[in-house]
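Q: Show me the folded form of this:
(one chain, ligands or ions: 1)
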Amino acid sequence: MQTPQIAAAWEEVIAATMAGKPVTRVLCTHMHPDHIGMAGWLTRRFDCPFWMTRLEYVTCRMLVADTGREAPRDALRFYRACGWTSSELEYYKARFGEFGKMVYALPDSYHRVSHGDRISIGGQVWHAVIGRGHSPEHLCLYCPQLRLMISGDQVLPKITSNISVFPTEPDADPLTDWLESLASIRAAIPDEVLVLPAHNEPFYGLHGRIDQLIEGHERSLGRLLDALREPKSARDVFSVLFRRPISDAMLLQMATGESVAHLNCLIRRGRVTRKMDHSGINWYQAH
Ligand SMILES: [Zn+2]
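A: The predicted structure follows:
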């Protein structure tokens, strides 16, 4: 993310590793601030092109443009429907637009990377493999010769990536996107690769980890379905989905998005219905 300390850390890395040579291109896996936050800084520092998938680039431009705006009514309606209290909604209003503050001015143009592209880097050919669900068109890179995969946040060894519904698209079903894209990555990339994730340590065992991630979500969906024999709001199901208490505002937003993602997935599968009451809260029930 953009902070003066991180700019200083980059300068140190550049001095220590680049031997005076320039960076010739910046590739970015996805639009979250902890991945794209310094991309504009790097491309301007070296006057080099920026490579990304189209949905990641365009979505990021959209989110950055929210900075300075008031929290929209649609967003407040969405979180109220999830069961947020008025003080939580007030806090959301006060924090709205934080995204843009974590991102250095984006590159004003980009080179589009698409699924299946072959990208030559340092004399090796890398395959662009797209993942969905954690972010809209997440770029992973796979090099068959080196048996390496750069997985970004699509496959992480220890933590599970956040899969969330956001107020801009309340009926979205990112969990189905996530489960389908993990299955297609498993089919496209062999198990023998060394995976270089964006968080935690490099690891072997891609297929086993993907199976664990898919099974984990399917188990959550099963527990959720059981719990929905009685009608519940998105907020009511936190204890079914998460082991740790949802103690602060950042966690509340992530937990809410993730709960709605699981609920929307069950709606898509025809297992659950959603009804809004007169106070604007959505109630979900298995049928
Ligand atoms: Zn991410």
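
Q: C-alpha only now, for contacts and for neighbours.
A: Fine.

Q: residue boundaries of the helices in the stretch 151-287 of the chain?
A: 174-188, 206-227, 238-241, 249-268 (DSSP state H, counting those that start in this stretch).

Q: For the helix or strand bottoming out on mean pLDDT in the chain, which outside residues touch it?
A: Across the helices and strands of the chain, the lowest-confidence element by mean pLDDT, DSSP states H and E is helix 98-101, at a mean of 92. With contacts defined as Cα atoms under 8 Å, 6 or more residues apart in numbering, helix 98-101 is touched by Gln2, Pro33, Leu63, Val64, Ala65, Asp66, Thr67.

Q: mind redoing it with 10 Å?
A: Contacts with helix 98-101, where a contact means Cα atoms under 10 Å, 6 or more residues apart in numbering, come from 1-3, 32-33, 37, 60-68, 106.

Q: Return the set of buried residues in that helix.
A: Residues of helix 98-101 classed as buried by neighbour count (16 or more other Cα atoms under 10 Å): Phe99, Gly100, Lys101.

Q: circling back to that earlier point, please flag which of the contacts of helix 98-101 sit within helices.
A: The helices, defined by DSSP state H, take in Pro33, Cys60, Arg61, Met62, Leu63, Val64, Ala65 from those.

Q: which of the buried residues of helix 98-101 lies closest to Phe242?
A: Nearest to Phe242 out of those is Phe99 (Cα to Cα; 24.6 Å).

Q: Ala8 belongs to a strand, doesn't it?
A: No - when the secondary structure is assigned by DSSP: H, G, I helix; E, B strand; the rest coil, Ala8 falls in helix instead of a strand.

Q: Might you report the residue contacts of it?
A: Ile14.

Q: All further residue positions should be reported with the first residue as 55.
A: I'll keep to 55 as the first residue from here, and by that count the last item is Ala62.

Q: Filter the contacts of helix 152-155 down to just the buried residues.
A: Buried among the contacts of helix 152-155 by 16+ other Cα under 10 Å: Met55, Gln56, His86, Pro87, Gly91, Cys114, Arg115, Val118, Asp120, Thr121, Leu160.

Q: The second one and Ala63 touch, don't they?
A: Which is Gln56. No - the criterion here is Cα atoms under 10 Å, and Gln56 misses it with Ala63 at 11.1 Å.

Q: In TSV, list the helices of the stretch 205-341 of the chain along with mean neighbour count.
A: Output for those, formatted as TSV (neighbours: other Cα atoms under 10 Å):
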stretch	mean neighbour count
helix 228-242	18
helix 260-281	16
helix 292-295	16
helix 303-322	21
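
Q: right, so of those helices, which gets closest to Ala340?
A: helix 260-281 (6.2 Å).

Q: Just give the number of residues close to Phe220.
A: 20 (other Cα atoms under 10 Å).

Q: separation between it and Val183?
A: 24 Å (Cα to Cα, to the nearest Å).

Q: same deal with Gln307?
A: According to Cα to Cα, Gln307 and Val183 sit 29 Å apart.

Q: for Gly151, same thing?
A: From Gly151 over to Val183 (counting by Cα to Cα), the distance is 31 Å.

Q: quick one: which of the two has more around it?
A: Neighbour count, other Cα under 10 Å: between Gly151 and Val183, Val183 has more, with 25 against 19.

Q: Can you pull the phi and psi angles for the more buried one?
A: phi -120, psi 120 (degrees, to the nearest 10).

Q: Which residues are in contact with it?
A: By Cα under 10 Å, 6+ apart, the neighbours of Val183 are 167-172, 191-196, 203-205, 235, 238-239, 242-243.

Q: give me that answer again for 8 Å
A: His169, Gly170, Leu193, Cys194, Leu195, Tyr196, Ile239.
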